[in-house]
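Trainee: need a 3D model of the following:
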Amino acid sequence: MENLGRLLMLAALVLFLAGGAIFLAGKFGLPLGRLPGDIRLEGQNGSFYFPLTTSILVSILLTLVLNLIGRFLNK
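Mentor: All right, here's what the predicted structure looks like:
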């Protein structure tokens, strides 16, 4: 049960840091969600938006952060 508590606290910390990073990115004018490679299709009846490049960038950053946290916790 203690491991589950630690995992939940770690997940909350990661979400808090990710939210803070997204907030700061908006404040500093970084174009997350509007990067080259993000797909946006607009028609008369609707629109479709898929942030492909932003998703890849966030995935790489989260992989690096979680690997560093994993290495830190295993020592």
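Trainee: secondary structure element holding I60?
Mentor: I60 is part of helix 52-74 when elements are defined by DSSP states H and E.
Trainee: ok, residues contacting that helix?
Mentor: L10, V14, L17, A18, L32, G33, L35, P36, G37, D38, I39 (C-beta atoms under 8 Å, 6 or more residues apart in numbering). Backbone N, C-alpha and C define where each C-beta goes, glycine included.
Trainee: quick one: buried residues of that helix?
Mentor: Residues T53, T54 are the ones in helix 52-74 that count as buried (16 or more other C-beta atoms under 10 Å).
Trainee: show the contacting residues for the residue of the chain most remote from its centre.
Mentor: For the chain, the residue at maximal distance from the C-alpha centroid (C-alpha atoms, centre = their mean) is Q44, at 31.3 Å. The contact partners of Q44, by C-beta under 8 Å, 6+ apart, come to none.
Trainee: may I have the phi/psi pair for it?
Mentor: phi -70, psi -30 (degrees, to the nearest 10).
Trainee: which among the contacts of helix 52-74 end up buried?
Mentor: D38.
Trainee: mind checking which of the contacts of helix 52-74 are in helices?
Mentor: Counting by DSSP state H, the part of the contacts of helix 52-74 found in helices is L10, V14, L17, A18.
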